[in-house]
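> Coordinates for the following, if possible.
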Amino acid sequence: MKYVKLAQMPPMDPMAGMGMPAAPMAMPAPAEPASSQKQITVPLANLGLILADAEIEKRLLEQLEDNEQGIANDVWLQYGGEEDGGVDAEKRGKRSDEEATEEEIKATDKTRWERLPVGQNLLDLEISLDDFANAVKFLSFGFAKNKGKEQGGGAAPGGMPGMASRKLDNMVKLAQNLDLLGMYSVADRIL
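Numbers count the residues shown, from 1 in each chain. Below is the predicted model:
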């Protein structure tokens, strides 16, 4: 097994013990945070793709105490739904079958309904607010269950560090939940 040394003590300066000033040490440049979220570049033609694009896993982990219905409503509004549960007929998708570019992803950050297939809205895709709410509740239950295990348990199984174990467990739960919702291809992409 290959081990990677993550951090080590800086070498001691032999002149420091003799009253001499220590040699200045260069600070390493801060690493850019890598995004673990893979951008969805295909048209969002089903609930699973929409939830993946909305980074629902991240939202649930960050807002675990929040009401699932509130999270579902926020996502619903982002993708062209209305507050009363209806769908805004004017908010139609613009994404073609070609892979989306980074510019298109950035340009549609505030208008995410444009990531739906060309000319379609949530009503055309037969996705309702109840579908969103049920999926978010189902996923939230799995994350809450994992959160309870983390707080009650000691070390992670198999000697795995806590964060890696937690992320792996959440990915597996998300894939299982998507399988139960019938979104097999999205579940396969997660794992």
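
> Residue 78 and residue 54 touch, don't they?
Yes: contact status for residue 78 versus residue 54: in contact at 6.5 Å, counting by C-beta atoms under 8 Å. Placement of C-beta: from N, CA and C, glycine included.

> Compare neighbour counts for those two and give me the winner.
Each of residue 78 and residue 54 has its neighbours counted (other C-beta atoms under 10 Å); residue 54 has more, 23 against 17.

> list the residues that contact both of residue 78 and residue 54?
Common neighbours of residue 78 and residue 54 are listed as residue 112 (criterion: C-beta atoms under 8 Å, 6 or more residues apart in numbering).

> Which residue, other than its chain neighbours, is closest to residue 133?
Using C-beta to C-beta, 6 or more residues apart in numbering and skipping the chain neighbours, the partner closest in space to residue 133 is residue 72 (4.2 Å).

> Could you check how many residues crowd around the one you found?
24.

> Is it in a helix, a strand, or coil?
Using DSSP: H, G, I helix; E, B strand; the rest coil, the structure places residue 72 in helix.

> start at 50 instead
In the new numbering, first residue 50, that becomes residue 121.

> list the contacts for it?
178, 181, 182, 184, 185, 186.

> tell me the two of these that are most distant?
Using C-beta to C-beta, the contacts of residue 121 span at most 12.4 Å, a distance reached by 178 and 186.

> mind checking how far residue 227 is from residue 233?
8 Å (C-beta to C-beta, to the nearest Å).

> of these two, who's got more company?
residue 227 (25 against 12).

> What helix or strand is the more buried one located in?
helix 211-229 (DSSP states H and E).

> mean confidence for that helix?
Regarding helix 211-229, the rounded mean pLDDT is 74.

> One more: stretch 135-154?
Rounded mean pLDDT across stretch 135-154 is 91.

> Could you tell me the end-to-end distance of it?
Taking C-alpha to C-alpha, to the nearest Å, stretch 135-154 runs 25 Å from one end to the other.

> Any stretches of this protein with poor pLDDT?
50-86, 113-115, 191-214, 235, 238-240 (pLDDT under 70).

> all helices of it, in order?
96-102, 105-111, 117-127, 151-156, 178-201, 211-229, 233-239 (DSSP state H).

> Good, wrapping up.
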